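Student: Here you go, sequence then predicted model.
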Amino acid sequence: MALNMVFLGKLEDVAGCGAREVELAGTLDEAIDSLGPELAKALREPRVKLAVNGILLQDRDAPVLRDGDVIAFLPPVSGG
Amino acid sequence: MALNMVFLGKLEDVAGCGAREVELAGTLDEAIDSLGPELAKALREPRVKLAVNGILLQDRDAPVLRDGDVIAFLPPVSGG
Amino acid sequence: MSAEPTRSDVRLLTQAFTPGEEVDRFTRAHPAAGGIVSFLGQVREGGGVEALELQHYEPLTLPAMEDLAAQVRGRWPLDGLLILHRSGEMAPADPIVLVAAAARHRRDAFAAADFAMDHLKSQSWFWKREKVDGTWRWIEPREEDFEDIARWDSAAAE
Amino acid sequence: MSAEPTRSDVRLLTQAFTPGEEVDRFTRAHPAAGGIVSFLGQVREGGGVEALELQHYEPLTLPAMEDLAAQVRGRWPLDGLLILHRSGEMAPADPIVLVAAAARHRRDAFAAADFAMDHLKSQSWFWKREKVDGTWRWIEPREEDFEDIARWDSAAAE
């Protein structure tokens, strides 16, 4: 099982890349933790929103994840 | 002594021309009367403004006229 | 490199013009402006009007447009202001008026263009006639135009 | 010949565009509209910004722009609406965003373009970074943008 993590805006700088594939062992929390403490902390900031397969999550409740899901981490937008 | 009368907008239709030179005998009123009753009536409508040599008159008080003056009769503008 | 204001570009045109070219030229002249708002008014196609003619009076019309430009510049901080207005006979889809305001702040550019249009529409020295079914007819001022002006009078009390 | 509304023209562009050409084409597509209001936002020259980059997220950015267009069309009677937005790296004086609204009534065109810009500025899915003195820096959202949005929320109570 694998997840595709996408890092937008300044999260890309923290991650060192725009996207990364991670093993999905159990929960999303475990997947985030596997990215290391600094990136995990940035991804968990309250203003960072999540989109799963292009659908924006309304809250940070743990989504049910499937193999191949794309999880995008969206920091506050700076607008157009 | 001559005055150059300029008729803007629909006054041009009433006058049958855009401009006309008239003899200046005495007052502006006399000059207007010399244009015939129909045009004189149209020129005296309260909403028709006057400009003398390109300067808008603030009221309809009889201006002091000189030979060669250009009197423009300006009906309400329809705007741009 | 600073956003130093330039002289306003105010012109009374007797020939057709291409709005996009004018806006592009105006934009290039104001690279320090963040935003440019423009309004284009054109002869509406399909309303039964076959032609439109705007008559101006040389000694008043352009000077009044220049006065309006100065009034707009005094009211909002702009990098530049463009006011182009046609006179003469026009066909449907021909441009009549183009106003563009370049400003650092978007809100100023919007307000300046809006204000300029309201005042051009109601207070500028143009007499308009339309040709419908082959017959020319002079257009009287509309009440709506005076209401547009009144918006700004009350805003002045801010 | 009637002013039948057309589909909105909403595009996310990764290459430079010429605003005047886009506005002229949009205008030609709406000959029954009396007025066209457009807003152009460009990378400001002279503020020390050497380059600007806008990052978008494919699954969200364009659909949200299309949603905004639908919202604008539902709020004002327009003949047409154009929303173009750049993504990627831009240089000073490059156009970033172009919004144009064609309407029978001038006031509707102004309000629609103004509203669209306020919402694009604050709610669209773009992440922005600027290069100053050779260093890229991500731009945080500005409080002013949220105030711009609030203008329309109170207006909705009309």
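Tutor: Sure, I can see it.

Student: Going by C-alpha atoms from here, please, whenever you check contacts or count neighbours.
Tutor: OK.

Student: Show me which residues of chain A are close to chain D?
Tutor: A:8-10, A:54-55, A:76-80 (Cα under 8 Å from any Cα of the partner chain).

Student: Let's see which of these end up in strands.
Tutor: Counted as lying in strands by DSSP state E, out of the residues of chain A next to chain D, are residue A:55.

Student: possible to save the residues of chain A next to chain D as TSV with pLDDT?
Tutor: Formatted as TSV, these follow (pLDDT from 0 to 100):
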residue	pLDDT
A:8	97
A:9	95
A:10	95
A:54	92
A:55	92
A:76	91
A:77	88
A:78	77
A:79	68
A:80	65
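
Student: a markdown table for the residues of chain A next to chain D, including distance to residue C:124 and neighbour count?
Tutor: Compiled in a markdown table, these are given as follows (distance: Cα to Cα, whole Å; neighbours: other Cα atoms under 10 Å in any protein chain shown):
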| residue | distance to residue C:124 | neighbour count |
| --- | --- | --- |
| A:8 | 52 | 24 |
| A:9 | 50 | 25 |
| A:10 | 52 | 21 |
| A:54 | 53 | 16 |
| A:55 | 53 | 13 |
| A:76 | 47 | 21 |
| A:77 | 44 | 24 |
| A:78 | 42 | 23 |
| A:79 | 39 | 21 |
| A:80 | 37 | 24 |
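
Student: so where do the helices sit in chain A?
Tutor: A:10-15, A:28-33, A:37-43 (DSSP state H).

Student: List of residues touching the first one?
Tutor: Residues lying outside helix A:10-15 but in contact with it, judged by Cα atoms under 8 Å, 6 or more residues apart in numbering or on different chains, are A:7, A:18-19, A:38-39, A:42-43, A:73, A:75, D:138.

Student: switch to 10 Å and redo it
Tutor: The contact list for helix A:10-15 (Cα atoms under 10 Å, 6 or more residues apart in numbering or on different chains) reads A:6-8, A:16-19, A:35-36, A:38-40, A:42-43, A:48, A:73-76, D:127-129, D:137-140.

Student: Any idea how many residues pack against residue A:68?
Tutor: Per other Cα atoms under 10 Å in any protein chain shown, the neighbour tally for residue A:68 reads 15.

Student: isn't it right up against residue A:20?
Tutor: No: counting by Cα atoms under 10 Å, residue A:68 sits too far from residue A:20 to count as a contact (11.9 Å).

Student: Mutual contacts of these two, please.
Tutor: A:3-5.

Student: which among those gets closest to chain D?
Tutor: residue A:5 (12.8 Å; Cα to the nearest Cα).

Student: Return the set of buried residues in stretch C:55-74.
Tutor: C:55-57, C:60-62, C:65-66, C:68-69, C:72-73 (16 or more other Cα atoms under 10 Å in any protein chain shown).

Student: Is there a quick ChimeraX command that grabs whichever of the contacts of helix A:10-15 are buried?
Tutor: Buried residues among those (16+ other Cα under 10 Å), as a ChimeraX selection:
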select /A:6,7,8,18,19,39,40,42,43,48,73,74,75,76 /D:127,128,129,138,139,140
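
Student: Any stretches of the chain with poor pLDDT?
Tutor: Answering for chain A, as no chain was given. A:25, A:60, A:79-80 (pLDDT under 70).

Student: My question was about chain C, not that one.
Tutor: By pLDDT under 70, the low-scoring segments of chain C are C:1-5, C:154-158.

Student: just the helices in it please.
Tutor: C:19-28, C:58-75, C:106-123, C:143-155.

Student: what about the first one, near chain D?
Tutor: Spelled out, it's helix C:19-28. Yes: judged by Cα under 10 Å from any Cα of the partner chain, helix C:19-28 comes into contact with chain D through C:19-25, C:27-28.

Student: Residue C:97 is in contact with residue C:113, correct?
Tutor: No: at 11.7 Å, residue C:113 and residue C:97 do not qualify as touching, with contact defined as Cα under 10 Å.

Student: Can you check which residues contact both of these two?
Tutor: C:39, C:83.

Student: before we move on, back to that, nearest to residue B:30, out of the helices of chain A?
Tutor: Taking Cα to Cα, helix A:10-15 is the member of the helices of chain A nearest to residue B:30, at 82.1 Å.

Student: Point out the most buried one among the helices of chain C.
Tutor: helix C:106-123 (a mean of 22; mean count of other Cα atoms under 10 Å in any protein chain shown).

Student: Run a quick neighbour tally on residue 29.
Tutor: Went with chain A since none was named. 11.

Student: wrong one, chain C
Tutor: 14.

Student: Is it in contact with residue C:79, as I believe?
Tutor: Yes: contact criterion Cα under 10 Å: residue C:29 and residue C:79 qualify, at 9.5 Å.

Student: what sits in contact with each of the two?
Tutor: C:6, C:102.

Student: residue of chain C with the smallest distance to chain D?
Tutor: residue C:20 (3.7 Å).

Student: ok, the residue lying closest to that residue once chain neighbours are set aside - contacts?
Tutor: Nearest residue to residue C:20 in three dimensions, chain neighbours excluded: residue D:20, at 3.7 Å (Cα to Cα, 6 or more residues apart in numbering or on different chains). Residue D:20 sits next to C:18-25, C:27, D:26, D:40, D:98 when contact means Cα under 10 Å, 6+ apart.

Student: switch to 8 Å and redo it
Tutor: With Cα under 8 Å, 6+ apart, residue D:20 has these contacts: C:19-24.

Student: Out of the residues you listed, which is nearest to residue C:147?
Tutor: Nearest to residue C:147 among the contacts of residue D:20, with distances taken as Cα to Cα, is residue C:19, at 27.6 Å.

Student: pretty sure the closest one contacts residue C:41?
Tutor: No: contact criterion Cα atoms under 8 Å: residue C:19 and residue C:41 do not qualify, at 9.9 Å.

Student: Touching both of these two, which residues are there?
Tutor: The contact sets of residue C:19 and residue C:41 overlap at C:95, C:98 (Cα under 8 Å, 6+ apart).

Student: Mind telling me which residue is nearest the centre of chain C?
Tutor: Centroid-nearest residue in chain C, with Cα atoms, centre = their mean: residue C:99, separated by 4.2 Å.

Student: is that one in a bridge, and if so with what?
Tutor: For residue C:99, the beta-bridge partners under DSSP bridges are residue C:39, residue C:83.
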